[in-house]
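S.K.: with the input below, show me the fold.
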Amino acid sequence: MVIVSIYETIMNPPFAEMTLCATAEKLGAQLPGTERKGPEMNDSLNIFNALRRPNLMIRAARIGLDTYKRDRDLRRLLRVSKIPAPDAGLDRLLTMEDDLETTRKAGDTTYSITRHIEVLTALMAEARLLPRPIQPNI
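M.R.: Here you go, the predicted structure:
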């Protein structure tokens, strides 16, 4: 079984070798009003960077990005009426994904691969919305 990083795969072509080390610079464009201060953004990104999941699950989640609609899907996954900012959404999705991964590894019969891929897809989409770290001018 091939284990890959979710973070790296959102920026690589589907059939490229999926290396596991990536930088936050590869994330998508910064949204107005999403600037974060303090270490919590780095914590979420570090956790996201460290995720290792089977290649097939990652590929399925990447395919799901094509039809992902933040307003519809994130609201349904998080069971909220108002969509949170990308950083808050990422934190909640990371918690959900960790629970799903624990259930998957335990072989629990309540595990849903469909739900897990939906959460992985949402994680990838939310990560693309996080602000990029500011690089000092050298």
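
S.K.: Provide the secondary structure category for Arg53.
M.R.: Following DSSP: H, G, I helix; E, B strand; the rest coil, we place Arg53 in the strand state.

S.K.: same question for Arg132.
M.R.: Put simply, Arg132 is coil when judged by three-state DSSP.

S.K.: what's the neighbour count on it?
M.R.: Neighbourhood size, Arg132 [other Cβ atoms under 10 Å]: 13. Quick note: C-beta positions are derived from backbone N, CA and C, even for glycine.

S.K.: can you check Lys82 too?
M.R.: So Lys82, with other Cβ under 10 Å, has 6 neighbours.

S.K.: ok, Asp87 next?
M.R.: Counted with other Cβ under 10 Å, residues neighbouring Asp87 total 18.

S.K.: the helix or strand harbouring it: what's the following helix or strand?
M.R.: Assigned by DSSP states H and E, Asp87 belongs to helix 86-106. Next in sequence after helix 86-106, counting helices and strands by DSSP H and E, comes helix 113-129.

S.K.: so which bits of that next one are buried?
M.R.: For helix 113-129, burial by neighbour count (16 or more other Cβ atoms under 10 Å) applies to 116-127, 129.

S.K.: how about these in TSV, adding pLDDT and distance to Arg59?
M.R.: Shown next, in TSV, are the buried residues of helix 113-129 (pLDDT from 0 to 100; distance: Cβ to Cβ, whole Å):
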residue	pLDDT	distance to Arg59
His116	96	13
Ile117	96	10
Glu118	96	14
Val119	96	15
Leu120	95	10
Thr121	95	11
Ala122	95	16
Leu123	93	14
Met124	91	11
Ala125	93	15
Glu126	91	19
Ala127	87	17
Leu129	87	21
